[in-house]
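J.: Fold the following for me, if possible:
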Amino acid sequence: MSDLKELLDGIAAQAPRYDVLDGIRARRRRRTLRLRVAGSGAGAAAFAAVAVLLAVHLGVHPKPDPATPTPSASATSSPAPKPVLSTCEVRQLPVPRGYPPKSVLTAGDPTGRFLAGRAYPGDGRPRLLIWDDGRVRAIREPGADAGFEAIAADGTAVVTAFEGDTKAAWLYRDGRMTRLAGADPIIAAVNTAGVIVGMSGGRPVVWRPPYGAPQPLSTAGGVPVDPTSIAEDGTIAGVLRDSAVGPVREPNEDLPTAHDQAVLLLPDGTERVLELPEEIDDRPLKGVRGVQLGDGFVTALLYAGSSTDTVVRLARWELGTFQLRLQRMPHGGNLLGADGWTVGAEGLGNVLVSPSGTVALPNLPGASDDPYDRPNFRAISADGRTVGGYVTMPGEGVLVVAVRWRCG
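T.: Residues are numbered from 1 along each chain as shown. Next comes the predicted model:
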């Protein structure tokens, strides 16, 4: 995997540093100018629908989406393209000997080696499960209703559970559970160094070894950032919410609050904002979700339009050309792999959407064929070769089983 900090440092010398609030104000000025020009009848202002990634040097060259062309920029390198996937096979993941078959999968690591979930023995035996390349081991849960929230490439993982009525989080590493400080934790991601990002007490935070109180997570200017992923070098990706800073308006400007902003918090304490289109298919951009740091790309989901007329696109910022490419999403697609893979429904089936096309994801033989019982996808590896989730089996009661798709 490319060294993320080295890539970021390499491009930092070629692009200006970008202040978060200055960026929001600049976008407002551009939007105001565009509206004024259109209203004066002087003609439409020239405006690119997509912008470049400022001070970030991540990605490889995916096949362009013909429906969403973007302007070219000078490339500095051309990494080898990702392999094209053509088929996927599905298998039920095992449970420990003597356990009932019911199981769910809730997390996966970026390499696809580790998957994590839960079993339902109901008799005091350990419920938490980790699959290491398909081989299962059971782990005793630290509290009630325990579940894995995130897992790193070396098997380091984070579990949440209840102690009475109190929700808490634990780091699982080398066979040991370490309780984390903080109230009502929500975990977004963990890396192999054991650095964890998420929320505590309703505020974005980061937990660092040796795990004292979680530290607030914000830009250098103190604006909170909702974290979504963390790279091995400590770079954190997240979303700067408008609600955190309030409206940013120019004088006499009667416009709604600017949309969310995707941001990277770098290990050296600086931040980089990823430029976004103002509109998608003539609908104003409203939100950004799930910003992911991958080996080849920074990716995110973009939402535009209103609650009754919404479009969703996969955004991918690639290495070398600094282009932002937008890709149509399959129905129900809301889960991203780090390099831009996603899953969803197409017609009556399910598909894995890759930079080079779509691949069918077959259902587990014997699983329910009810269209309302589609697989619950919970993990995609960075290379798209491993997808994890669980499916519903027919019969009395609710029986779900954890499954893994391997693609090639």
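
J.: Which positions in stretch 211-228 come out as buried?
T.: Going by neighbour count (16 or more other C-beta atoms under 10 Å), the buried part of stretch 211-228 is 211, 214, 217-219, 223-228. The way it works is simple: take the backbone N, C-alpha and C, and place the C-beta from them, glycine included.

J.: JSON lines for the residues you listed, including pLDDT, secondary structure and distance to residue 120?
T.: As requested, these are exported to JSON lines (pLDDT from 0 to 100; DSSP: H, G, I helix; E, B strand; the rest coil; distance: C-beta to C-beta, whole Å):
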{"residue": "211", "pLDDT": "96", "secondary structure": "coil", "distance to residue 120": "30"}
{"residue": "214", "pLDDT": "97", "secondary structure": "coil", "distance to residue 120": "31"}
{"residue": "217", "pLDDT": "95", "secondary structure": "coil", "distance to residue 120": "35"}
{"residue": "218", "pLDDT": "93", "secondary structure": "strand", "distance to residue 120": "40"}
{"residue": "219", "pLDDT": "91", "secondary structure": "coil", "distance to residue 120": "43"}
{"residue": "223", "pLDDT": "90", "secondary structure": "coil", "distance to residue 120": "42"}
{"residue": "224", "pLDDT": "93", "secondary structure": "strand", "distance to residue 120": "37"}
{"residue": "225", "pLDDT": "95", "secondary structure": "coil", "distance to residue 120": "37"}
{"residue": "226", "pLDDT": "96", "secondary structure": "strand", "distance to residue 120": "32"}
{"residue": "227", "pLDDT": "97", "secondary structure": "strand", "distance to residue 120": "31"}
{"residue": "228", "pLDDT": "96", "secondary structure": "strand", "distance to residue 120": "30"}
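
J.: just those residues now: which is nearest residue 336?
T.: residue 228 (9.2 Å; C-beta to C-beta).

J.: excluding its backbone neighbours, what's nearest the closest one?
T.: Among residues not flanking residue 228 along the chain, residue 291 sits closest, at 4.7 Å (C-beta to C-beta, 6 or more residues apart in numbering).

J.: what's near enough to touch the one you found?
T.: With contact set as C-beta atoms under 8 Å, 6 or more residues apart in numbering, residue 291 has these partners: 228-229, 237-239, 262-263, 274, 298-300.

J.: For those residues, which ChimeraX command selects only the ones that are buried?
T.: Burial among the contacts of residue 291 is assessed by 16+ other C-beta under 10 Å; the matching ChimeraX selection reads:
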select :228,229,237,238,239,262,263,274,298,299,300
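
J.: Show me the strands in the stretch 301-408 of the chain, by range?
T.: Using DSSP state E, counting those that start in this stretch, the strands found in the stretch 301-408 of the chain span residues 309-318, 324-328, 342-346, 349-354, 357-361, 376-380, 386-393, 399-407.

J.: Now render the ones you listed as TSV, adding mean pLDDT.
T.: Formatted as TSV, the strands of the stretch 301-408 of the chain follow (pLDDT from 0 to 100):
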stretch	mean pLDDT
strand 309-318	89
strand 324-328	89
strand 342-346	90
strand 349-354	89
strand 357-361	90
strand 376-380	96
strand 386-393	96
strand 399-407	96
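
J.: residues contacting the closest residue to residue 281 other than its chain neighbours?
T.: Spatial nearest neighbour of residue 281, chain neighbours left out: residue 311 (5.4 Å); criterion: C-beta to C-beta, 6+ apart. Contact partners of residue 311, counting by C-beta under 8 Å, 6+ apart, are 280-281, 283, 303-305.

J.: Are any of those residues buried, and if so which?
T.: 280, 303-305.

J.: ok, the contacts of residue 311 vs residue 197, which is closest?
T.: Nearest member of those to residue 197, counting by C-beta to C-beta, is residue 303, at 22.0 Å.

J.: Just the pLDDT at the spatially most central residue of the chain, thanks.
T.: Nearest to the mean C-alpha position of the chain, counting by C-alpha atoms, centre = their mean, stands residue 290 at 3.6 Å. You'll see residue 290 listed with a pLDDT of 91.
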